[in-house]
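A.B. asks: Curious how this folds, go ahead:
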Amino acid sequence: MSRIGKLPVAIPAGVEVKISDTNVVTVKGPKGTLEKQMPDGITIKQEGAEIIVTRPNDLKKFRSLHGLTRALIHNMVVGVTEGYEKTLEINGVGYRAAKQGKKLNLTLGYSHPVEMEDPEGIETVVEGTNVIKVRGIDKEKVGQFAAEIRFKRPPEPYKGKGIKYADEVIRRKEGKTGK
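C.D. replies: Numbering: from 1, shown residues only. Below you'll find the model as predicted:
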């Protein structure tokens with residue numbers, strides 16, 4: 001049995017959960033509202049201040065969806081109560097970030113500045129000139145936008161220049177040896 005799927009999802013005070021007949025879960029909390037279509041076949045029930053996720057049988061398909069469904073619901077509950085945040089660091093001479101309204105301006109050593117617009121429900125905050133914080137209530141969107149920012153100039157292994165996650169460790173390589 002799924003170890004994650006067996007765990008109930010606790011609903012904190014101030015959070016409202018609605019489960020429709022077509023497995024659409026709506027979570028409403030102090031930070032906002034999230035709605036997601038859950039896989040068919042998986043049963044989602046609210047019992048008191050907990051959500052229980054069960055599967056109909058032990059087929060491989062349902063075993064894999066069991067833990068996934070529970071994790072998605074848990075991420076929605078955490079998102080509307082605390083929110084999610086990813087921190088990116090920019091390393092390199094002349095590399096910097098600036099914020100103009102809803103636009104993120106990145107200077108990354110290209111011949112042109114890179115401009116990125118904040119998507120719906122996502123907020124970026126620039127601290128100093130080399131730290132970008134991506135915040136939002138949807139874990140998937142926060143991670144995706146942070147990955148898109150990082151993709152503009154991924155860290156390289158020789159000097160470590162580029163955009164990296166704050167907790168990411170870059171495997172460094174030794175340069176050429178001259179004779």
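
A.B. asks: my read is Thr69 is in a strand, agree?
C.D. replies: No - counting by DSSP: H, G, I helix; E, B strand; the rest coil, one finds Thr69 to be helix, located in no strand.

A.B. asks: How much space separates it from Arg96?
C.D. replies: Remark: distance between Thr69 and Arg96 (Cβ to Cβ, to the nearest Å) = 42 Å. Any C-beta I mention is one placed from the backbone N, CA and C, and that applies to glycine too.

A.B. asks: who's more crowded, the two?
C.D. replies: Thr69 (28 against 14; other Cβ atoms under 10 Å).

A.B. asks: Which of the helices or strands spans Glu174?
C.D. replies: For Glu174, there is no host helix or strand (DSSP states H and E).

A.B. asks: How about Lys152: what's its closest non-neighbour residue?
C.D. replies: Val114 (5.3 Å; Cβ to Cβ, 6 or more residues apart in numbering).

A.B. asks: hang on, Glu123 packs against Arg135?
C.D. replies: Yes - Glu123 is within contact range of Arg135, at 4.8 Å (criterion: Cβ atoms under 8 Å).

A.B. asks: check contacts around Pro8.
C.D. replies: Glu47, Glu50, Ile51, Ile52 (Cβ atoms under 8 Å, 6 or more residues apart in numbering).

A.B. asks: my read: the last one touches Lys45, true?
C.D. replies: Yes - shown here, Ile52 and Lys45 form a contact pair, counting by Cβ under 8 Å, at 5.0 Å.

A.B. asks: So between the two, which is more surrounded?
C.D. replies: More crowded of Ile52 and Lys45, by other Cβ under 10 Å: Ile52, with 16 against 11.

A.B. asks: Same question for the one helix or strand the more buried one maps to: list its buried residues.
C.D. replies: Assigned by DSSP H and E, Ile52 belongs to strand 50-54. For strand 50-54, the neighbour count (16 or more other Cβ atoms under 10 Å) marks Ile51, Ile52, Val53 as buried.

A.B. asks: what's around the spatially closest residue to the last one that is not a sequence neighbour, how many residues?
C.D. replies: Taking Cβ to Cβ, 6+ apart, and ignoring the residues beside it in sequence, Val53 has Arg70 as its nearest neighbour in space, at 4.4 Å. By the criterion of other Cβ under 10 Å, Arg70 has 24 neighbours.
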